[in-house]
Every structure is written in structure tokens, then in C-alpha cells.
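[1] Sequence unavailable; structure follows:
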Ligand SMILES: NC(=O)C1=CN([C@@H]2O[C@H](COP(=O)(O)OP(=O)(O)OC[C@H]3O[C@@H](n4cnc5c(N)ncnc54)[C@H](OP(=O)(O)O)[C@@H]3O)[C@@H](O)[C@H]2O)C=CC1
Ligand SMILES: O=C(CO)COP(=O)(O)O
């Protein structure tokens, strides 16, 4: 099975390095002027088994295409290129909810490419860890169980262990929502509110993740798996996470590089819109959206969360 990765950001490049251990991989980027050393993944020189190209037609000849693009870029990319991708096995790695359509990446792919087999690759995994060959376990979600099993085998390596599920909704929501909660956890630490407060925000954040996921038809056990609780744990506790670092900057009122991909900021706004539409209470996500938009201060946000009406856990 030929594999191409579309998007040579940190994660696409790391996946290419990991999969090149199994055989040839094509890595597509709109700009390949960096040669064999991608500044998005510093310190890694691409092995010879990776063919780098800026020709999308060339890359799209592969039958398995991994789309490693940010969630808010995916819709625009598909609008321009869906015709090249339809009928293929398409696997999105995006961890976010599209702000204009309020859907996850799988629906964007299925709408744009109705003949394609659509899957999602998600779970706790920093690009730098994968590129170094450190052991990593991920979730491969595909509604078609047989197709998912085939993809699981195509994309697993001795250090990249894929579990599979047919619950695409649960898997992609876990990956998207944990980024929002990671921002909240970063705010708590950045503002000096302490580890106890972080544990509280992560736990209450997980409660609202499962609440929204259930409303959208996800299976509860998916949220306690790698793609939900697993990735939430990683992202809320590590300064390797861009979402966590962005939250820290918000909490400590420090500047943050706006060119950095922070999926949770736009996704918090999408979640706030979804929760209003569904009548689903998502106070942590609403607060992250308000903080990211500068509508509340950190002090006000903490006070508003702490003084909500008392309730059962
Ligand atoms: N980094 C990580 O550790 C992990 C990331 N992910 C997820 O993977 C997704 C990608 O993240 P990551 O690789 O880190 O992001 P990066 O910010 O490192 O890279 C984003 C890439 O997307 C490309 N891109 C953006 N918009 C477009 C477009 N319209 N057309 C073509 N290419 C585009 C950029 O190209 P250009 O360089 O030309 O701007 C860049 O190569 C995110 O959803 C993230 O949450 C998942 C697991 C781990
Ligand atoms: O999704 C990730 C780890 O699983 C990467 O997190 P960040 O996008 O916050 O860096």
C-alpha cells in the first residue's frame, strides 16, 4: 500500500519519519524549499525513504493519504483539491472542530470526497517523540470496521502502536476537546492558581467533554481511551503542548507567537456555538473562548467558574 502525507508540519513530518521505517513514503508540502531539514520539526533530517514533493498530483497517486493539516485549514484545502483525493483512503490527523461548519474533520472529508474511505488518527503523541522513535500508542478510527483494520495494519510500526475503533465521532471529539481543556489547564498554571486547581479544571473539563460527546452520539468508552482521557492527560501536563503553553501565556499575560498552531482556541469558539445550539452546558470551554477573545480577564474567569450554582458531581 502506497502512503502519502499531505502537510509537512511538525506532525506530518514526524509521521513520515515513523512510517519510512516500513517503506517509501511521500511527503507533500506547498513549500519544500527547506530540503531535508524541516524547520517545523527541528533537529530531524529526513531519511532517504521519504520522497518530498510540492506536486499534489504526484502525492495523490498513493492510495492511502494522511491529511496532517490544522483543522481550520482542512476545509479550504479540500475545497481546492477534493477531486484529487476522492476514492482514496483518507486519514485526518486534525484535532479540532471546523469553526464555519461546526463539524470534525471526518465530516469535512466525507462531504468533500463522498467516494473516499474516511478515518481519523488521533491520541497522545507529540511530533518530536514520534520522530525520535519513542514508543507511542494512537487510535485509528474508521466507521468501516474492515477498512479500519486494514489501515491499522498499514500504519502501525514496532514503535507506533495503533488501536482501532469504529467510533469516529468519539475519537475526533476527544482529540479536539482536549485541546480546549489544555488551554484552561495552562491558564491555571500560568496564573499561579496551583496544581489542585489544575486537577479540578481537567476533571470538570473531562466531564464536559464526555457530555458533549454523548450528545453527538459518541460512545462513553471512547472518551476514556487514548483519544480522550489519554490525550487530555498528556496535553494538560506537558509544556511540550502548544495549547498548554498558549494557556500559560494567557494566564500570565505574556505574549504568544500567533503563527503557532493552537487548535484549541478556534475549537473553543466552535464548542461554545455547538453547546448553545444543543443546550449542552460547557462552562470551561465557554470560558476558554471568552479568554481567547479577550472578553474576560483571568481573575474574572476563575471567579465566574468558582461561583457558579453549587451542584451534584
Ligand atoms: N504537533 C503535534 O505534536 C501533533 C499535532 N497533531 C495535529 O495535527 C494537525 C497538524 O499539526 P502540526 O503538524 O503540528 O501543525 P504545524 O503548525 O506544525 O504545521 C501545519 C502544516 O499545515 C500546513 N498548512 C496549513 N494550511 C494549509 C493549507 N491551506 N494548505 C496546505 N497546507 C497547509 C502548513 O504549511 P506551511 O508550512 O506551508 O504553512 C504546515 O506544514 C493539528 O490538528 C494538530 O492538532 C496531532 C498530534 C500531535
Ligand atoms: O495533540 C498533541 C499531543 O497529542 C499535540 O498537542 P499540541 O497541539 O497542544 O502541541
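    Looks like it arrived, so ask away. Model, not experiment: these values are computed from the prediction. Residues are numbered from 1 along each chain as shown. Ligands and ions are numbered 1, 2, ... in the order given.
[2] Can you verify my assumption that residue 91 contacts residue 119?
    Yes - counting by Cβ atoms under 8 Å, residue 91 touches residue 119, with 4.5 Å between them. For glycine as for every other residue, the C-beta is placed from the backbone atoms N, C-alpha and C.
[3] Can you show me the strands along this structure?
    For the chain, strands defined by DSSP state E occupy the ranges 3-6, 25-28, 50-53, 64-67, 89-92, 117-122, 136-142, 160-165.
[4] tell me the most buried of those?
    Ranked by mean neighbour count under mean count of other Cβ atoms under 10 Å, these are led by strand 117-122, which reaches a mean of 28.
[5] Could you pull up the mean pLDDT of that strand?
    In this model, strand 117-122 has a mean pLDDT of 98.
[6] now do stretch 203-221
    So the average pLDDT for stretch 203-221 ends up being 97.
[7] List the buried residues of that stretch.
    The neighbour-count check on stretch 203-221 (16 or more other Cβ atoms under 10 Å) flags 204-206, 208-213, 216, 218-219 as buried.
[8] In helices only, show me those.
    Counting by DSSP state H, the members of those that fall within helices are 204-206, 208-213.
[9] Tell me the one of these nearest residue 291?
    residue 205 (13.7 Å; Cβ to Cβ).
[10] need the contact list for the closest one.
    Residue 205 sits next to 177, 180-181, 184-185, 232, 236, 284-285 when contact means Cβ atoms under 8 Å, 6 or more residues apart in numbering.
[11] Please report how far residue 185 lies from residue 170.
    Taking Cβ to Cβ, to the nearest Å as the measure, residue 185 and residue 170 are separated by 21 Å.
[12] one step back: so which of the ones in helices among the buried residues of stretch 203-221 comes closest to ligand 1?
    residue 209 (15.7 Å; Cβ to the nearest ligand atom).
[13] ok so, going back, quick one: which of the contacts of residue 205 has the most company?
    Neighbour counts for the contacts of residue 205 (other Cβ atoms under 10 Å) peak at residue 180, which has 34 neighbours.
[14] which residues touch that one?
    Here residue 180 is in contact with 205, 243, 264, 267-268, 271, 284-285, 288 (Cβ under 8 Å, 6+ apart).
[15] out of these, which are inside helices?
    205, 243, 264, 267-268, 271, 284-285, 288.
[16] picking that back up, which residues are in contact with both of residue 91 and residue 119?
    By Cβ under 8 Å, 6+ apart, the residues touching both residue 91 and residue 119 are 140, 151.
[17] about what we covered before: which of the contacts of residue 205 lies closest to residue 159?
    residue 232 (22.6 Å).
[18] ok, that closest one to ligand 2 distance?
    Taking Cβ to the nearest ligand atom, to the nearest Å as the measure, residue 232 and ligand 2 are separated by 9 Å.
[19] Next: residue 59.
    23 Å.
[20] likewise residue 153?
    Using Cβ to the nearest ligand atom, residue 153 is found at 22 Å from ligand 2.
[21] sorry, back to before: find the pair from the contacts of residue 205 with maximum spatial separation.
    236 and 285 (13.9 Å).
[22] which neighbours do those two share?
    By Cβ under 8 Å, 6+ apart, the residues touching both residue 236 and residue 285 are 181, 205.
[23] same question for the top helix by length along the chain, mean pLDDT?
    Secondary structure of the chain per DSSP H: the longest helix is helix 168-190. Helix 168-190 shows a mean pLDDT of 97.
[24] what's the answer for stretch 292-304, then?
    93.
[25] Was I right to think residue 256 contacts residue 245?
    Yes - Residue 256 lies in contact with residue 245 (Cβ under 8 Å); the separation is 7.4 Å.
[26] Name the residue in the two with the higher neighbour count.
    Neighbour count, other Cβ under 10 Å: between residue 256 and residue 245, residue 245 has more, with 22 against 15.
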